[in-house]
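>>> Here is a sequence with its predicted model. Questions after.
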Amino acid sequence: MKGSIIATALTVSASTVLAAPSLSARDDITPITVKGNAFFKGNERFYMRGVDYQPGGSSKLADPIADVEGCKRDIEKFKDLGLNTIRVYSVDNSKDHDECMNALADAGIYLVLDVNTPDYSINRENPGPSYNDVYLQYIFATVDKFAKYKNTLAFFSGNEVINDGPSSVTAPYVKAVTRDLRNYIRARNYREVPVGYSAADVDTNRREMAEYMNCGTDEERSDFFAFNDYSWCSPSSFKTSGWDQKVKNFTGYGLPLFLSEYGCNTNKRDFGEVASLYSTQMSAVYSGGLVYEYSQEPSDYGLVEIKNGKLSDLPDFAALKSALAKANDPGDGGYNKTGGPNPCPARNAPNWDVDAADKLPAMPEPAKKYFENGAGDGPGFDGDGSQNAGSQSTSQTTNGEGNTVSGDLSSEANAEGSDGAATGLQIPSLTMAPAFVGLVTIMSTLVGAGVVLI
Ligand SMILES: *[C@@H]1O[C@H](CO)[C@@H](O)[C@H](O)[C@H]1NC(C)=O
Ligand SMILES: *[C@@H]1O[C@H](CO)[C@@H](O)[C@H](O)[C@H]1NC(C)=O
């Protein structure tokens, strides 16, 4: 019986492959893995040389991976710059992405993908209701679409959700989503695509956030950490920019670290930071980064201008290309081969308002079925959104034994579940105008480095 089912399955997939040979995921690109505090491509250390790719800007929701023509046009420019990575902020998970992903793979380019959209994301103003099964269905469906591509380098579980001290109370939700994504990847038997968080350029709790994402049980910890950094404004230096101090600060950190956005545009950009980023000044701690951003948008960070589908280079294009061409990867770069966890940071309100002993919210019960059955069709950009949909988490867990779902908790955790549900998970005070996570990029884009609060 088993045998005949397998035979049927093989026949079906074989005929599918025959009918559409170009639509399967490319096999001849080496997936990126994590070793200690570094990324590896096979046996070679991998440094991200990338750009943030959101043609249309952060205020217009678009999926550049579903736009085959635009993607193929831009890949030529990525190759010209010498890139190996792009980051995309949102994808429409109802669309097909095979053609662009395969074209990227053919060019040796990997994708770092934010799984959220403005309508499907954790709401920092009121995270509890936004962490629900409808939200998880969206991001799991996105994983279903992208985990199959060997050039999917990593998933961002969140982007700039915490954007000041007080909003750090949302951190347990960010960490829970990171955990759920990785558990989903394992439950569905996908390749272990690394999962981590992209932090805002906030000095007051950058280090705590990084430590928080790397403390606790292995199941709770991230696979990497990334942050945005606009503090090197040309002309500057390793010392003047303060990047030397950041390297010191993160020395001994046990996860791969990279810049998810960089490239201060206060002055004319010479991308002097590139020489430091890909040298032994930083390589023991950093694994490269992503320049903000590929296309010219109202925030004025563009390398190229796209008008009516036609491209033209801006001065920053040549400046970045030349800086990257001069910077050679420093081999294994003195990376930390063991890596590993650190203690959870102590509460230090208002900058860091999470207790080291706080548990994470358990995964909302109805999302458990996706682990067994898959997430099904993604609703895409036209979906109804998830901010106040579905069922929220009803208990907390330390999830050391894989118990990430409320109903699966040990009896001890269950006993705390009902009356202790909100302990340690305070609703953040409303100190800012409501802004959904996916839209926060707009703010950081518009005000640039000025987003640093307090
Ligand atoms: C280093 O980390 C500490 C602790 O978070 C922080 O107070 C300090 O500002 C950091 N220094 C730099 C240069 O980032
Ligand atoms: C390597 O990382 C581990 C875990 O964070 C840390 O304990 C150790 O001190 C690090 N080693 C070096 C040489 O930085």
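Arrived safely. Numbering: from 1, shown residues only. Ligands and ions are numbered 1, 2, ... in the order given.

>>> how about the residues of the stretch 101-250 of the chain that lie near ligand 1?
203, 207-208, 242, 245-246, 249 (C-beta under 6 Å from any ligand atom). In short, each C-beta sits where N, CA and C put it, glycine included.

>>> Next, name the residue at the spatial heart of this structure.
Phe156 (1.7 Å; C-alpha atoms, centre = their mean).

>>> how about low-confidence regions in the stretch 301-450 of the chain?
399-450 (pLDDT under 70).

>>> where along it do the helices fall?
With helices called from DSSP state H, counting those that start in this stretch, the stretch 301-450 of the chain shows them at 315-326, 368-373, 411-417, 440-447.

>>> what's the distance between the residue lying closest to Asn163 once chain neighbours are set aside and Ser260?
Closest residue to Asn163 apart from its sequence neighbours, by C-beta to C-beta, 6 or more residues apart in numbering: Ala200 at 4.7 Å. Plainly put, Ala200 is 10 Å away from Ser260 if you go by C-beta to C-beta, to the nearest Å.

>>> out of the two, which sits in the busier spot?
When neighbours are counted by other C-beta atoms under 10 Å, Ala200 and Ser260 differ, and Ser260 comes out ahead with 28 against 25.

>>> Identify the residues contacting the more buried one.
52, 87, 112, 156, 159, 198-199, 226-228, 289-290 (C-beta atoms under 8 Å, 6 or more residues apart in numbering).

>>> State the three-state secondary structure for it.
Classification of Ser260 by DSSP: H, G, I helix; E, B strand; the rest coil places it in strand.

>>> again with Val193
coil.

>>> Hmm, Pro366 is touching Ser391, no?
Yes - using C-beta atoms under 8 Å, Pro366 is in contact with Ser391, at 5.2 Å.

>>> residues bridging contact with these two, i.e. touching both?
The contact sets of Pro366 and Ser391 overlap at Asp133 (C-beta under 8 Å, 6+ apart).

>>> Next one, pLDDT for the residue of the stretch 151-300 of the chain found nearest ligand 2 please.
Going by C-beta to the nearest ligand atom, ligand 2 is nearest to Gly254 of the stretch 151-300 of the chain, at 2.9 Å. pLDDT for Gly254: 98.

>>> correct me, but it touches Asn214?
Yes - counting by C-beta under 8 Å, Gly254 does reach Asn214; the two are 5.8 Å apart.

>>> Quick check: neighbours shared by these two?
In terms of C-beta under 8 Å, 6+ apart, Gly254 and Asn214 are both contacted by the residues 341-342.

>>> So between those two, which is more surrounded?
Taking other C-beta under 10 Å, Gly254 and Asn214 do not tie; Asn214 has more neighbours (25 against 19).

>>> hang on, the earlier thing: need the residues touching each of Ala200 and Ser260.
In terms of C-beta under 8 Å, 6+ apart, Ala200 and Ser260 are both contacted by the residues 227-228.

>>> Who are the contact partners of Lys35?
Shown in contact with Lys35 (C-beta under 8 Å, 6+ apart): 335, 337, 339.

>>> Show me the residues you listed that map onto strands.
With strands taken from DSSP state E, there is no overlap with the contacts of Lys35.

>>> hang on, isn't the residue nearest to Asn163 packed against Ile162?
Yes - contact criterion C-beta under 8 Å: Ala200 and Ile162 qualify, at 6.7 Å.

>>> residue ranges of the strands in the stretch 201-350 of the chain, please?
Ranges of strands in the stretch 201-350 of the chain, per DSSP state E, counting those that start in this stretch, are 224-229, 257-262, 288-291, 304-307, 310-313.

>>> mind checking pLDDT for the residue lying closest to Arg207 once chain neighbours are set aside?
What sits nearest to Arg207 in space, not counting adjacent residues and going by C-beta to C-beta, 6+ apart, is Asn249, at 5.9 Å. Per-residue pLDDT puts Asn249 at 95.

>>> re the thing from before, just the buried residues from the contacts of Lys35, in PyMOL please.
Of those, the buried ones go into a single PyMOL selection, burial set by 16 or more other C-beta atoms under 10 Å:
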select buried, resi 335+339
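
>>> Near ligand 2, which residues of the stretch 151-300 of the chain are found?
Of all the residues in the stretch 151-300 of the chain, those in contact range of ligand 2 (C-beta under 6 Å from any ligand atom) are 251-254.

>>> so how far is Val51 from Val59?
No Val there; residue 59 is Ser. Distance of Ser59 to Val51, computed by C-beta to C-beta: 19 Å.

>>> Which one of those two is surrounded by more residues?
Taking neighbours as other C-beta under 10 Å, Ser59 and Val51 compare with Val51 leading, 26 against 15.

>>> what's near enough to touch the nearest residue to Ala210 once chain neighbours are set aside?
Of all residues beyond its chain neighbours, the one nearest Ala210 is Phe225 (4.8 Å), with distances taken as C-beta to C-beta, 6+ apart. Shown in contact with Phe225 (C-beta under 8 Å, 6+ apart): 196-197, 199, 209-210, 213-214, 253, 255-257.

>>> how much space between Phe225 and Ile109?
Distance from Phe225 to Ile109, by C-beta to C-beta: 22 Å.

>>> So what's the residue count around Arg73?
Arg73 has 15 neighbours, counted by other C-beta under 10 Å.

>>> What helix or strand is it located in?
Assigned by DSSP states H and E, Arg73 belongs to helix 68-81.

>>> same thing with Phe156?
strand 152-159.

>>> how far off strand 152-159 does the helix or strand that contains Tyr197 point, in degrees?
In this structure, Tyr197 sits in strand 195-199 according to DSSP H and E. Interaxial angle of strand 195-199 relative to strand 152-159 (axes from the mean of the first three to the mean of the last three C-alpha atoms, to 10 degrees): 50 degrees.

>>> Kindly provide the distance from the closest residue to Phe381 other than its chain neighbours to ligand 2.
Among residues not flanking Phe381 along the chain, Asp92 sits closest, at 4.5 Å (C-beta to C-beta, 6+ apart). According to C-beta to the nearest ligand atom, to the nearest Å, Asp92 and ligand 2 sit 38 Å apart.

>>> In contact with Asp92, which residues?
Each residue near Asp92 by C-beta under 8 Å, 6+ apart is listed here: 63, 66, 378, 380-381.

>>> Can you name the residues of the stretch 301-450 of the chain that neighbour ligand 2?
Residues of the stretch 301-450 of the chain lying near ligand 2 (C-beta under 6 Å from any ligand atom): 336, 338-340, 342.

>>> Now do stretch 347-354: everything it contacts.
Stretch 347-354 has contacts (C-beta under 8 Å, 6+ apart) with 165-166, 168-169, 171-172, 204-205, 208-209, 212, 345-346, 355-356, 424, 426, 454.
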